[in-house]
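A.B. asks: Generate a structure from the sequence data that follows.
(chains A and B)
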Amino acid sequence: MNFNFKDFKMLLVNQIRENYSGVLTGLQKRNFPHVETVLKTVIDLDDLRKHYQFQKDDFKAEGNSISREIGQLMKEGKKEVSDVIKVRSADIKERIKRYEEYNIKAEADLKALLYTIPNVPHISVPAGKTADDNEVVLENGVIPTLHADKLPHWDLIKKYDIIDFDLGVKITGAGFPVYKGKGARLQRALINFFLDEALAQGYYEIQPPILVNEDSGYGTGQLPDKEGQMYFADADKLYLIPTGEVPITNIYRDVILSESDLPIKNVGHSPCFRREAGSWGAHVRGLNRLHQFDKVEIVQITHPDKSYETLESMSSYVQGLLQKLELPYRVLRLCGGDMGFTSALTYDMEVFSAGQERWLEVSSVSNFETYQSNRLKLRFRGEDKKIQLAHSLNGSALALPRIVAAILENNQTPDGINMPKVLHRYLGFDMIS
RNA sequence: AGAGGAAUGGCAGAGCGGUCGAAUGCGGCGGUCUUGAAAACCGUUGUACCGUGAGGUACCGGGGGUUCGAAUCCCUCUUCCUCUACCA
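C.D. replies: Okay, here's the model as predicted:
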């Protein structure tokens, strides 16, 4: 690692100390096991760490003073005296070394434990264990009534020869489809549409690297422990990004912004790679779950007072896209058990895909509060000159494959598949037939 | 990929074994002067941890070593520059 995580502010510890009951009930909402034991251990380890640091610093101060003394004596030519003092220095060095080791150990233990603690959910997050406990915030749009011989998208793409899974298997493996002809053009049209919409809303366009180093993985919270989800290029120790969030948010790792820079609004298109180990089954046919897919991601860095307001605006923005694409959707507030590790509050947007008669998640919009910025050391200098952690947020706007699936399924007719009006000028055609 | 050079505070750039957290310039902030502005002048200007405080400790790309003492010496990794080779 090049980035120095050693001195990252132990914000979590302070949060736990200052708001013990809040953190406790929050983590309980996530069904985080052995909460009380873990929190108590955190505080104990932190106390231990402080104790050792105090001892270590004390001995170091003494060592420094001896060195200064020797320097002075050497200058005066009193070599014999300095030789005597050097003996004392050797003893101090021994102590420094010992307490330094204790301190490093305590800090490493503490950090390892802190890395296992997920973000504390926002007060509005419902308790719950699984996706069934998510709260439906709203539903919008008309669910189309299709003819009896409607098809799911995995049949439609074969019928019109626009996306080829078998070819992907030949070239790479399962979950790496080849988009062809109007399928490829639909994909490209959607990417351009999403980017243009974001630009119109004041977002700044980024094209990030799609391989990232270990530091970046830690910064946004994919590491440690989620290695299994990411492809890893062993020869160079680089991870293929599971989402554009990783590189786009890591732009601000170890950065002190000024308050006037906020809010930062970035948008970027990137392919995303997910190993999805062990998550295959009948319900993930076709485009529903892939190893490689495209996504346009929006990321914001905001003042802590503004992040929830921003979350709502990002949610509305994503809903606006779905409305323009004429897709029926609903918005879920995720329950504690279904939320991502790093999030404080997450809205999922799901579209109804009428061919398979299922809701498909197409976007996830989250506020991470200071969880990521603490790891990233992403701070800003306020009007009052004080430095504090910023809040980070992101959302898919949008993930391509399921949008494609829903467009194909919902707009199918016996004569072909109608394209949403808003895409016509991007596509250069209005129907796939 | 081979050969050589380099990495210092927001930027530029000194320092190459002892009081250096670091000269100097620019920039930033505060002030004097001015009707206002510019110029000039004066002051100030990194981050984190420990400590109620005084204060202490750490950081000169990352890690390790030599030494009583390292920005300075050694090893190693990373990155950048120049030349050569190769290549979208």
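A.B. asks: hey, let's count contacts and neighbours off CA atoms from now on
C.D. replies: OK.
A.B. asks: is the residue in the stretch 251-400 of chain A that RNA strand B sits nearest to in a bridge, and if so with what?
C.D. replies: Nearest residue of the stretch 251-400 of chain A to RNA strand B (CA to the nearest atom of the strand) works out as residue A:387 at 5.6 Å. Counting by DSSP bridges, residue A:387 forms beta bridges with residue A:381.
A.B. asks: Residue A:179 now?
C.D. replies: Going by DSSP bridges, residue A:179 forms beta bridges with residue A:163.
A.B. asks: Any idea how many residues pack against it?
C.D. replies: 19 (other CA atoms under 10 Å).
A.B. asks: so who does it touch?
C.D. replies: Residues in contact with residue A:179, defined by CA atoms under 8 Å, 6 or more residues apart in numbering, are A:162, A:163, A:164.
A.B. asks: Residue A:392 too?
C.D. replies: With CA under 8 Å, 6+ apart, residue A:392 has these contacts: A:249, A:299, A:300, A:301, A:302, A:307, A:367, A:368, A:369, A:370, A:372, A:373.
A.B. asks: Please indicate which of the contacts of residue A:179 has the highest neighbour count?
C.D. replies: Neighbour max across those (other CA under 10 Å) = residue A:163, 24 neighbours.
A.B. asks: I'd like the distance between that residue and RNA strand B.
C.D. replies: Going from residue A:163 to RNA strand B by CA to the nearest atom of the strand, to the nearest Å gives 26 Å.
A.B. asks: for residue A:113, same thing?
C.D. replies: For residue A:113, the distance to RNA strand B - CA to the nearest atom of the strand - is 16 Å.
A.B. asks: Model confidence at that residue, what's the number?
C.D. replies: On pLDDT, residue A:113 comes in at 90.
A.B. asks: didn't it look like it was pressed against residue A:43?
C.D. replies: No: judged on CA atoms under 8 Å, residue A:113 makes no contact with residue A:43 at a distance of 10.9 Å.
A.B. asks: follow-up on the earlier one: can the contacts of residue A:179 go into a markdown table with extra columns for pLDDT?
C.D. replies: A markdown table is the format used below for those (pLDDT from 0 to 100):
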| residue | pLDDT |
| --- | --- |
| A:162 | 96 |
| A:163 | 97 |
| A:164 | 96 |
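A.B. asks: wait, doesn't residue A:349 sit right on residue A:359?
C.D. replies: No: between residue A:349 and residue A:359 there is no contact under CA under 8 Å: 9.3 Å.
A.B. asks: Compare neighbour counts for the two and give me the winner.
C.D. replies: residue A:349 (26 against 17).
A.B. asks: Got the phi and psi for the more buried one?
C.D. replies: Main-chain torsions, residue A:349, degrees, to the nearest 10: phi -110, psi 130.
A.B. asks: now swap in residue A:105 and tell me
C.D. replies: Torsion angles, degrees, to the nearest 10, at residue A:105: phi -60, psi -50.
A.B. asks: Output the below-cut-off pLDDT ranges for the stretch 51-200 of chain A.
C.D. replies: Across the stretch 51-200 of chain A, the ranges flagged by pLDDT under 70 are A:82.
A.B. asks: ditto for the stretch 201-350 of chain A
C.D. replies: A:277-282.
A.B. asks: what about the helices in it?
C.D. replies: A:214-220, A:245-250, A:307-324 (DSSP state H, counting those that start in this stretch).
A.B. asks: most packed of the ones you listed?
C.D. replies: helix A:245-250 (a mean of 24; mean count of other CA atoms under 10 Å).
A.B. asks: what helices or strands is it leaning on?
C.D. replies: Judged by 3 or more CA pairs under 8 Å, 6 or more residues apart in numbering; DSSP states H and E, the packing partners of helix A:245-250 are helix A:214-220, strand A:292-302.
A.B. asks: Dump the ones you listed to a markdown table, plus distance to RNA strand B.
C.D. replies: Below are the helices and strands packed on helix A:245-250 laid out as a markdown table (distance: least, CA to the nearest atom of the strand, whole Å):
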| stretch | distance to RNA strand B |
| --- | --- |
| helix A:214-220 | 11 |
| strand A:292-302 | 17 |
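A.B. asks: now these as a markdown table including distance to residue A:423?
C.D. replies: Below are the helices and strands packed on helix A:245-250 laid out as a markdown table (distance: least, CA to CA, whole Å):
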| stretch | distance to residue A:423 |
| --- | --- |
| helix A:214-220 | 33 |
| strand A:292-302 | 16 |
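A.B. asks: Run the chain-centre distance for the helix or strand containing residue A:70.
C.D. replies: Applying DSSP states H and E as the criterion places residue A:70 in helix A:35-76. Counting by CA atoms, centre = their mean, to the nearest Å, helix A:35-76 is centred 36 Å from the centre of its parent chain.
A.B. asks: Thanks again, I'm all set now.
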